[in-house]
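Trainee: Generate a structure from the sequence data that follows.
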Amino acid sequence: MCGRFALNATSDAVKSLLAVMEVDPFPPRYNIAPTQPILMALAGPAAAQGSNLPTRRTMLVRWGLIPSWAKNPADLSLLFNARSETAAEKASFRAAMRHRRALVPASGFYEWRRVGTKRAEPYWVRPRHGGVIAFAGLMESWSEPGGTEMDTGAILTTEANEDLRGIHHRMPVVIDQQDFARWLDCLNREPRDVADLLRPADPGFFEAIPVSDRVNKVANIGPELQERAEGRAAAPEEKPKDASGDQLSLF
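Mentor: Numbering: from 1, shown residues only. Predicted coordinates for the structure are as follows:
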């Protein structure tokens, strides 16, 4: 899953990773939650003309996709994750999978491991090599009855790899930098042409660090959220029971 993540890289690092013309400076964000603005990168219009210049565009969107056909978003669940296995067929995500695939820069994400029936232990999951990575995302614009347009988005998830399934059975899809162009090319590549990219990260790509439950509160936004919690063990290797109904799973 991906219900909280962080982006504490510099704007220059994000600009370099995504190969975009410009990224407005932003402060480090250590506890990004659904309904908050997130940065996305999409293919720009010049990409279809064979230009060798950086043509990807960035935009801020509300984390929580609202389908264009929705009459009243309050009647829908908060769609901040999309299952990669079914997104191309689901009415809520089908159009975005075909026309508005995106990249979501991140420094890592938080995940909760259910312990017993009333307690969940949080982990900060980051790439072992450090730096900034990109999750697979979907963007959709929604117009309210009054005509105001809102850009919204979701992060695609897949089954957890062997390193993380002891914490949770899902994880966000990470797109390798070498595959950015193919993933973003919605003009020439249909969802079936990029389905092979929607896979778990390779074993060893991520490390999971036990952290305190301060991350549970959206109001806590400091770097201390990513500090190792004393007395907590590393992520277990065993696979837990399916936690799809847990509230903290968030999807």
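Trainee: So which residues of the stretch 51-200 of the chain form helices?
Mentor: Secondary structure of the stretch 51-200 of the chain (DSSP state H, counting those that start in this stretch): helices located at 94-99, 180-184.
Trainee: and the gap between the spatially most central residue of the chain and Arg228?
Mentor: By Cα atoms, centre = their mean, the chain has its centre lying nearest to Ile155, at 3.8 Å. Applying Cβ to Cβ, to the nearest Å, the value for Ile155 to Arg228 is 25 Å. For the C-beta atoms, the positions are set from N, CA and C on the backbone; glycine is no exception.
Trainee: picking that back up, does the residue nearest to the centre of the chain really touch Ala134, like I thought?
Mentor: No: judged on Cβ atoms under 8 Å, Ile155 makes no contact with Ala134 at a distance of 10.5 Å.
Trainee: Now for the two: what residues contact both?
Mentor: Common neighbours of Ile155 and Ala134 (criterion: Cβ atoms under 8 Å, 6 or more residues apart in numbering): Val104.
Trainee: For Asn216, grab the count of nearby residues.
Mentor: Asn216: 15 surrounding residues under other Cβ atoms under 10 Å.
Trainee: ok, now which ones touch it?
Mentor: Counting by Cβ under 8 Å, 6+ apart, Asn216 touches Pro122.
Trainee: Quick check: it vs Arg62, distance?
Mentor: 22 Å.
Trainee: Quick one: mean pLDDT over stretch 109-121.
Mentor: Mean per-residue pLDDT for stretch 109-121: 89.
Trainee: now stretch 56-72
Mentor: 94.
Trainee: CA-only coordinates of that stretch in CSV, if you can.
Mentor: Extracted C-alpha coordinates of stretch 56-72, given in CSV (Å, rounded to 0.1, in the frame of the first residue of the first chain):
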residue,chain,number,x,y,z
ARG,A,56,8.0,16.4,-19.0
ARG,A,57,5.8,18.7,-17.0
THR,A,58,5.2,18.8,-13.3
MET,A,59,2.1,19.7,-11.5
LEU,A,60,0.6,19.6,-8.0
VAL,A,61,-2.4,17.5,-7.5
ARG,A,62,-4.7,16.5,-4.7
TRP,A,63,-3.7,13.0,-3.5
GLY,A,64,-7.0,11.2,-3.9
LEU,A,65,-8.2,10.6,-7.4
ILE,A,66,-11.7,11.8,-8.3
PRO,A,67,-13.0,10.2,-11.6
SER,A,68,-14.0,12.7,-14.2
TRP,A,69,-17.5,11.2,-14.2
ALA,A,70,-18.1,11.6,-10.5
LYS,A,71,-21.1,13.7,-9.6
ASN,A,72,-20.3,14.1,-5.9
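Trainee: Can we start the residue count at 775 from this point?
Mentor: In the new numbering, first residue 775, that becomes stretch 830-846.
Trainee: Which parts of the stretch 875-1024 of the chain are strands?
Mentor: 875-880, 882-889, 893-901, 907-917, 923-933, 944-946, 980-984 (DSSP state E, counting those that start in this stretch).
Trainee: Highest mean neighbour count out of the ones you listed?
Mentor: Mean neighbour count (mean count of other Cβ atoms under 10 Å) peaks for strand 875-880 among these, with a mean of 27.
Trainee: quick one, that strand and strand 923-933 angle?
Mentor: 80 degrees (axes from the mean of the first three to the mean of the last three Cα atoms, to 10 degrees).
Trainee: So what's the residue count around Gly818?
Mentor: Residues near Gly818, counting by other Cβ under 10 Å: 18.
Trainee: Would you mind stating the distance between it and Val835?
Mentor: For Gly818 relative to Val835 (Cβ to Cβ), the value is 16 Å.
Trainee: Ok, Ile995 next?
Mentor: 20 Å.
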